[in-house]
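*Asks:* Quick check, what structure comes out for this input:
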Amino acid sequence: MHGHISVDTEVGVPAAVVWDVYRGLEQGRLVSKLVPDVLGSVQVLEGDGGVGTLLKVTLAPGGPLKGYFIERVTKVDDENRVKENEIIEGGYKALGFDVFLVRMEILEKDSQSCIIRSSMEYEVDEKLADIVSHVNTDPLKIMAEAIGKHLCDEKKTGQ
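*Replies:* Next up is the predicted model:
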């Protein structure tokens, strides 16, 4: 069984500025700083943020997933502003998903704003179809909103 869900978050800063955060390790640093009570913390296990980088996300208590997950960066496309990470351990994999991919696309809206499109794609055995109800984009939306607000605040203060 294949599935896909996504959410769009509008941000009042240029796409290039948002991409600078999402394309590398800054995204994880900001998640740990801005929303640790919601999304937990991100630790770099290996790599520089490019393809092959391994990240350990320790989840905040009280969410739908418990503990942690490890994801591998599988794509960083600077031209199209697309980054993909595959969960390889824990999290949705521990629930029984065969494949779980998170994609972030930064879409230019105009010269001063953009859309962060956050998507989840997955494969799971038909026998485990009931676990699909655990998949939701809320954490990705919260992350995009927090990073967007942070970047807007920086823009206002000229940092």
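*Asks:* ok, residues contacting the helix or strand containing residue 73?
*Replies:* Secondary structure assigned from DSSP states H and E places residue 73 in strand 68-77. With Cβ atoms under 8 Å, 6 or more residues apart in numbering as the test, strand 68-77 has contacts from 23-24, 40, 45, 47, 49-59, 82-94, 101-102. (Each C-beta comes from the backbone N, C-alpha and C, glycine too.)
*Asks:* do the same with stretch 90-108
*Replies:* Contacts of stretch 90-108 (Cβ under 8 Å, 6+ apart): 14-15, 18-19, 22, 57, 59, 65, 67-71, 74, 80-87, 114-125, 128, 131, 134-135, 140.
*Asks:* Over to stretch 16-35?
*Replies:* Residues contacting stretch 16-35 (Cβ under 8 Å, 6+ apart): 11, 39-44, 48-50, 53, 55, 57, 76, 78, 81, 83, 104, 106, 114, 116, 142-143, 146-148, 150-151, 155.
*Asks:* Buried ones in that stretch, by neighbour count?
*Replies:* In terms of neighbour count (16 or more other Cβ atoms under 10 Å), stretch 16-35 has its buried residues at 17-19, 21-25, 27-28, 30-32, 34-35.
*Asks:* Same question for stretch 62-72.
*Replies:* Buried residues in stretch 62-72 (16+ other Cβ under 10 Å): 65, 68, 69, 70, 71, 72.
*Asks:* Which of the three states applies to residue 149?
*Replies:* Three-state assignment for residue 149 (DSSP: H, G, I helix; E, B strand; the rest coil): helix.
*Asks:* So which elements touch the helix or strand bottoming out on mean pLDDT in the chain?
*Replies:* Sorted by mean pLDDT, DSSP states H and E, the helices and strands of the chain end with helix 36-39, the least confident at a mean of 84. The contact analysis (3 or more Cβ pairs under 8 Å, 6 or more residues apart in numbering; DSSP states H and E) places helix 36-39 against helix 138-157.
*Asks:* before we move on, back to that, name the residues that touch the least confident helix or strand of the chain?
*Replies:* With contacts defined as Cβ under 8 Å, 6+ apart, helix 36-39 is touched by 31, 57, 59, 60, 63, 139, 142, 143.
*Asks:* How far off centre is it?
*Replies:* Distance, stretch centre to chain centre, for helix 36-39: 13 Å (Cα atoms, centre = their mean, to the nearest Å).
*Asks:* Same check on stretch 126-138?
*Replies:* 18 Å.
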